[in-house]
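J.: predicted model, plus sequence, below.
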Amino acid sequence: MPTDEQIEAACAAYDNFAMNGDGDPHRHAMRAALEAAERVAWRAIAEAPDDRQVAVWCPAREGLDELMSFCRHHPDAGFCVDELREPTLYRIVEPPRDATPPAGPSNPSKHGKL
């Protein structure tokens with residue numbers, strides 16, 4: 001779910017592009033708006049809440065690729081994903097409000113008893 005800050009960034013980018021853009025103004029303005037919202041979604045890990053799971057990003061290090069994962073703050077270790085990399089950015093990720101689990105083995109209510 002977008003944050004108020006993401007919506008503000010998206011609106012500002014959309015308005016700016018719609019007044020100054022060329023070509024298909026709606027498509028380009030919407031792309032600019034969504035890119036602006038995505039940029040403000042990622043925050044410094046120091047600002048991360050310690051009472052919920054968040055998505056974290058760790059830069060490449062010691063020959064390991066960059067890493068994105070879900071993580072929860074630990075009182076002794078902080079936000080820790082492995083021994084070599086520490087997250088530098090985080091973002092809140094919430095399931096869609098109207099998400100309906102797909103039918104399948106992980107959702108037996110749609111199939112009856114397994």
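T.: Thanks, I have it.
J.: report how many residues lie close to residue 58.
T.: Using other Cβ atoms under 10 Å, residue 58 has 23 other residues around it. Every C-beta, even on glycine, is put in place using the N, C-alpha and C of the backbone.
J.: that one and residue 75, how far apart?
T.: Distance of residue 58 to residue 75, given as Cβ to Cβ, to the nearest Å: 20 Å.
J.: next: residue 7.
T.: Here residue 7 is placed at a distance of 33 Å from residue 75 (Cβ to Cβ).
J.: those two: which is more packed in?
T.: Neighbour comparison, residue 7 and residue 75: the larger count goes to residue 7, with 13 against 6 (by other Cβ under 10 Å).
J.: how is this protein carved up into domains?
T.: Domain assignment of the chain by automatic domain parsing yields the ranges 1-41, 42-96.
J.: quick one, phi psi at residue 33?
T.: When quoted as degrees, to the nearest 10, the phi and psi of residue 33 stand at phi -70, psi -50.
J.: OK, contacts around it?
T.: Contact analysis of residue 33 by Cβ atoms under 8 Å, 6 or more residues apart in numbering lists 9, 10, 11, 13, 14, 17.
J.: make it 6 Å
T.: 10, 13, 14 (Cβ atoms under 6 Å, 6 or more residues apart in numbering).
J.: isn't the first one right up against residue 39?
T.: To tie it back to what came earlier, the one meant is residue 10. No: contact criterion Cβ atoms under 6 Å: residue 10 and residue 39 do not qualify, at 10.1 Å.
J.: these two: who's more crowded?
T.: More neighbours surround residue 10 than the other of residue 10 and residue 39, with 21 against 11 (other Cβ under 10 Å).
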